[in-house]
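Colleague: Output the structure for:
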Amino acid sequence: MSDFTDCTVGTELPPLELSFTRADLVRYAGASGDFNPIHWSDRAAAELGLDSVIAHGLLTMGRALRVVTDWVGDPARVRSYFVRFTKPVAVPDTDEGVVVRVTGTVTAVDDGVATVAIEAVCGETKVLGAAKAEVSVA
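Modeller: Numbers count the residues shown, from 1 in each chain. Now for the predicted structure:
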């Protein structure tokens, strides 16, 4: 969206489907330096009572923000971003991995800044809570 003149409370951002695979987790571990075995070892995950390897929280958080950055067209427009991690994203050992569906809705527009509520759901499970971003739309 390049013209934000019609950005009002209730504006829905185009939804986004994000695929997470084990290969994505390996790449993120290398980039971030987070080699916690719960992100690559089923045995380590099971020892902590997890059903499966889980995606890194910050990977989930960062990728979910794309619903906003794709909409505004420039990541530099993001003024703030906040989430709470509610449930981990379990990533099966398959080529397909798992899909997280992300949506966004404008909840406020004030002085050229839109507040966007973000929802990220894996299956029927909400994986991010209280997620919101503030973005410049002026």
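
Colleague: The protein: strands as residue ranges?
Modeller: Assigned by DSSP state E, the chain shows strands spanning 16-20, 78-85, 98-110, 113-122, 125-136.

Colleague: Among those strands, which comes closest to residue 10?
Modeller: For residue 10, the closest of these is strand 98-110, at 6.6 Å, according to CB to CB. Where you see a C-beta, it was placed from the backbone N, CA and C, and this is true even at glycine.

Colleague: if we can go back for a sec, most tightly surrounded among the strands of the chain?
Modeller: Mean neighbours per residue, mean count of other CB atoms under 10 Å, is largest over the strands of the chain for strand 113-122, with a mean of 20.

Colleague: before we move on, the earlier item: kindly present the strands of the chain as TSV, with separate columns for distance to residue 55 and mean pLDDT.
Modeller: Formatted as TSV, those follow (distance: least, CB to CB, whole Å; pLDDT from 0 to 100):
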stretch	distance to residue 55	mean pLDDT
strand 16-20	5	98
strand 78-85	11	98
strand 98-110	8	98
strand 113-122	9	98
strand 125-136	9	97
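
Colleague: mind putting the ones you listed in TSV, distance to residue 68 included?
Modeller: Shown next, in TSV, are those (distance: least, CB to CB, whole Å):
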stretch	distance to residue 68
strand 16-20	10
strand 78-85	7
strand 98-110	6
strand 113-122	5
strand 125-136	5
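
Colleague: Relative to residue 71, which of the ones you listed is closest?
Modeller: Residue 71 lies closest, by CB to CB, to one member of these: strand 98-110, at 6.9 Å.

Colleague: which residues touch the closest one?
Modeller: Contacts of strand 98-110 with the rest of the structure, by CB atoms under 8 Å, 6 or more residues apart in numbering, involve 7-13, 15-20, 60, 63-64, 66-68, 71, 89-92, 114-122, 127, 132-133, 137.
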